[in-house]
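1. 3D, please:
(one chain, ligands or ions: 1)
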Amino acid sequence: MSETATLRFASGEEIGLPVFTGGEGEKALDIEKLRAATGMVTLDEAYLNTASCRSAITYLDGEKGILRYRGYPIEELAEKSRFVEVAYLLMYGDLPIASQLDDFSAILNGSSLIHEDMRHFFLAFPNNAHPMSLLTTMVASLSAFYPVPENPTDEEEAQIIANLMSQVRTISAFSYKKFVGEPVVYPSHKLRFVENFLNMMFSSPVSNYQLDPDIVKAIEAFLIIHADHEQNCSTSAVRIAGSSLANVYAVISAGISALWGRRHGGANQAVVTMLRNIQQSGDDGRRFLEAAKSKDSRLMGFGHRIYKTHDPRALIMKKLCHRILGKPGMSDPMFDIAMRLEEAALSDDYFLSRNLYPNVDFYSGLILKAAGIPFDMFTVLFAIGRTPGWLAHWREMRHDANNRIARPRQIYTGPAERFYVPVSQREKHSVGVMRRSHTKALPVAPRDLISSSMDCG
Ligand SMILES: CC(C)(COP(=O)(O)OP(=O)(O)OC[C@H]1O[C@@H](n2cnc3c(N)ncnc32)[C@H](O)[C@@H]1OP(=O)(O)O)[C@@H](O)C(=O)NCCC(=O)NCCS
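-> Residues are numbered from 1 along each chain as shown. This next block holds a predicted model:
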């Protein structure tokens, strides 16, 4: 018999609500019929306690520090697999056999160029444009060059997925080249996914980039651990935009826009900024800990909405830091600062009592820095990693027969009904006043690609 929960009101009225049990035993009250039965909706601002969908892609247990893609522990995938293999797993539900992996790699390679006319778009952007502004615009523009049929067949869907995975990577590398004022380097069919990206970023007509297998492995792991994280802000944006049946390029562009925010994809930059500030201040980090405890600031890379213990991705990144930064000539004093800071925080009751542990961003920026990825490209790398996750959710949703447009309700808190007053009879009020001179567009401020700072909000 299926389980129900009883909701009892002060009036004595009762209603039975079905309890849905997930694959790992987690339970949810199904409130779909609540309004019809009682006239009430639920109020859960920022979705702290709302499951917005059923999904078979990623399992996350924040209390135990567990993250699995399609059942596979993130630790195993980061250690043993390749990003392309993980993308296939997220998308299609199982690890590919050799021939499937070859086919998937081939279609990705075959889809890696962007239409040559799109290169002109890059010229129209200011030189100091943030690479995320190029990425979100270019990805939305892809729909003009690669029209999407209303109901793609399986084959057309596979091509769309390959286009987006490969072209997000190509656009990212081209955006960087625009930033540094170098000619673009085209993708090569001879290189694998990650190697291709590094080559497009760092090769130039005057010097070939020497691929370092340890750096390739580190970037593979970075992309794998960022590939999906169930209903985070950007994936929810993808699901909401996708539920309107908007074209998939616009849908992924919505995800990239949501990721851009400093509360989401921008946090690893904030950590590196913090570590640099500690290094420059000559302090051992104690001042930053004290500032975080007195609420003057936050210890960046610590705490998580879902994880109440170590974020498993942080442990993977820390291990990788040891491997990469332990190599001759690769050491980074910021890594020592980070480890001392972690040790100090985890022996301090303020952090322990609030379950504040290092999150994925605490060490991941150091990995990107070691790989030579410039500061403002950090969020772009996150976007390349998250693209298969977004696509897997888009695909899961479009194959779900019960899929409907997402449309949350709200609780209205504005004025009660009132009536129109002609402008000559209105009283002055204090908000919404904009002087004409303020409507002029502001000029683009000069930026520094390597050293711009970011706070995490
Ligand atoms: C990630 C984050 C936004 C989660 O926020 P949240 O789940 O809404 O948690 P809250 O903001 O309610 O914080 C709970 C308590 O811990 C404290 N806290 C949370 N993160 C903290 C941090 N990094 N440093 C110091 N105190 C922190 C809060 O001040 C609050 O304390 P209180 O109970 O005395 O009021 C938050 O931990 C944070 O800002 N971390 C730093 C930024 C970061 O690393 N972001 C990347 C996330 S992957």
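2. Nearest residue to the residue in the chain positioned nearest to the ligand in space, please, no chain neighbours.
-> Nearest residue of the chain to the ligand (C-beta to the nearest ligand atom) works out as Gly303 at 2.3 Å. From N, CA and C alone the C-beta is placed, and that goes for glycine too. Leaving aside its chain neighbours, Gly303 sits nearest to Leu356 (4.4 Å; criterion: C-beta to C-beta, 6 or more residues apart in numbering).
3. residues touching that neighbour, list them.
-> Residues in contact with Leu356 (C-beta atoms under 8 Å, 6 or more residues apart in numbering) are 299, 302-303, 345, 350.
4. Make a PyMOL selection of the buried ones in those residues.
-> Paste this into PyMOL to select the buried members of these, with burial taken from 16 or more other C-beta atoms under 10 Å:
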select buried, resi 299+302+303+345
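5. Dump the contacts of Leu356 into TSV; add secondary structure and pLDDT as well.
-> As requested, those are exported to TSV (DSSP: H, G, I helix; E, B strand; the rest coil; pLDDT from 0 to 100):
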residue	secondary structure	pLDDT
Leu299	coil	93
Phe302	strand	93
Gly303	coil	93
Ala345	helix	96
Tyr350	helix	97
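6. before we move on, the earlier item: quick one: pLDDT of the residue nearest to Gly303?
-> At Leu356, the pLDDT value in this model is 97.
7. ok, it to Asn49 distance?
-> Distance, Leu356 to Asn49, using C-beta to C-beta, to the nearest Å: 20 Å.
8. sorry, back to before: show the contacting residues for the residue of the chain closest to the ligand.
-> Listed by C-beta under 8 Å, 6+ apart, the contact set of Gly303 reads 354, 356-357, 359.
9. at 10 Å what do you get?
-> In this structure, Gly303 makes contact with 292, 311, 351, 354-359, judged by C-beta atoms under 10 Å, 6 or more residues apart in numbering.
10. Does Pro86 touch Phe222 like I think?
-> Not Pro; residue 86 is Val. No - assessed by C-beta atoms under 10 Å, Val86 is found out of contact with Phe222, at 11.8 Å.
11. what's the overlap in contacts for the two?
-> Counting by C-beta under 10 Å, 6+ apart, the common neighbours of Val86 and Phe222 are 78, 385.
12. These two: which has the busier surroundings?
-> For Val86 versus Phe222, neighbours defined as other C-beta atoms under 10 Å are more numerous around Phe222 (29 against 26).
13. So the more buried one versus Phe362, what's the distance?
-> Going from Phe222 to Phe362 by C-beta to C-beta gives 13 Å.
14. and for those two, which residues touch both?
-> Common neighbours of Phe222 and Phe362 (C-beta under 10 Å, 6+ apart) are 268, 313, 317.
15. Which positions in the chain make contact with the ligand?
-> Within reach of the ligand by C-beta under 6 Å from any ligand atom, the chain has these residues: 267, 292, 295, 298-305, 354, 356, 359-361, 456.
16. of those, buried ones?
-> By neighbour count, with 16+ other C-beta under 10 Å, the residues of the chain next to the ligand hold 267, 292, 298-304, 356, 359-361, 456 as buried.
17. What is the lowest-pLDDT residue among those residues?
-> Least confident entry in these, by pLDDT: Cys456, with 32.
18. so where's the stretch 301-450 of the chain shaky on pLDDT?
-> Along the stretch 301-450 of the chain, the model assigns pLDDT under 70 to residues 432-450.
19. what about the helices in the stretch 351-457 of the chain?
-> Secondary structure of the stretch 351-457 of the chain (DSSP state H, counting those that start in this stretch): helices located at 361-370, 378-398.
20. How is the protein divided into domains?
-> Taking automatic domain parsing as the reference, the chain has its domains at 4-51, 81-403+449-457.
21. for these, which one ends up most surrounded?
-> With neighbours taken as mean count of other C-beta atoms under 10 Å, the domains of the chain reach their highest mean count in domain 81-403+449-457, at a mean of 19.
22. what about it, distance to the chain center?
-> 7 Å (C-alpha atoms, centre = their mean, to the nearest Å).
23. quick revisit: looking at the domains of the chain, spot the one closest to Gly62.
-> Each of the domains of the chain has some distance to Gly62 by C-beta to C-beta; the shortest is domain 81-403+449-457, at 3.7 Å.
24. can you redo the helices of the stretch 351-457 of the chain as TSV with distance to Leu275?
-> Shown next, in TSV, are the helices of the stretch 351-457 of the chain (distance: least, C-beta to C-beta, whole Å):
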stretch	distance to Leu275
helix 361-370	8
helix 378-398	13
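25. and of those, who's closest to Asp154?
-> Asp154 sits nearest to helix 378-398 of all those, at 10.3 Å, using C-beta to C-beta.
26. Could you tell me the angle between the closest one and helix 361-370?
-> Here the directions of helix 378-398 and helix 361-370 differ by 120 degrees (axes from the mean of the first three to the mean of the last three C-alpha atoms, to 10 degrees).
27. Can you show me the CA trace of helix 378-398 as PDB?
-> Extracted in PDB, the C-alpha atoms of helix 378-398 (Å, rounded to 0.1, in the frame of the first residue of the first chain):
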ATOM      1  CA  PHE A 378      37.300  30.100 -14.300                       C
ATOM      2  CA  THR A 379      33.500  30.300 -14.700                       C
ATOM      3  CA  VAL A 380      33.800  29.500 -18.400                       C
ATOM      4  CA  LEU A 381      35.600  26.300 -17.500                       C
ATOM      5  CA  PHE A 382      32.700  25.500 -15.100                       C
ATOM      6  CA  ALA A 383      30.300  26.100 -18.000                       C
ATOM      7  CA  ILE A 384      32.100  23.700 -20.200                       C
ATOM      8  CA  GLY A 385      32.000  21.100 -17.400                       C
ATOM      9  CA  ARG A 386      28.300  21.700 -16.600                       C
ATOM     10  CA  THR A 387      27.100  21.600 -20.300                       C
ATOM     11  CA  PRO A 388      26.600  17.800 -20.400                       C
ATOM     12  CA  GLY A 389      24.700  18.000 -17.100                       C
ATOM     13  CA  TRP A 390      22.400  20.700 -18.400                       C
ATOM     14  CA  LEU A 391      21.900  18.700 -21.600                       C
ATOM     15  CA  ALA A 392      21.200  15.500 -19.700                       C
ATOM     16  CA  HIS A 393      18.400  17.300 -17.700                       C
ATOM     17  CA  TRP A 394      17.000  18.900 -20.900                       C
ATOM     18  CA  ARG A 395      17.000  15.400 -22.500                       C
ATOM     19  CA  GLU A 396      15.400  13.700 -19.500                       C
ATOM     20  CA  MET A 397      12.700  16.300 -19.400                       C
ATOM     21  CA  ARG A 398      11.800  16.100 -23.100                       C
END
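28. Look up the closest residue to Tyr249, ignoring the ones flanking it.
-> In this structure, Tyr249 finds its nearest non-sequential neighbour in Ser143, 3.9 Å apart by C-beta to C-beta, 6+ apart.
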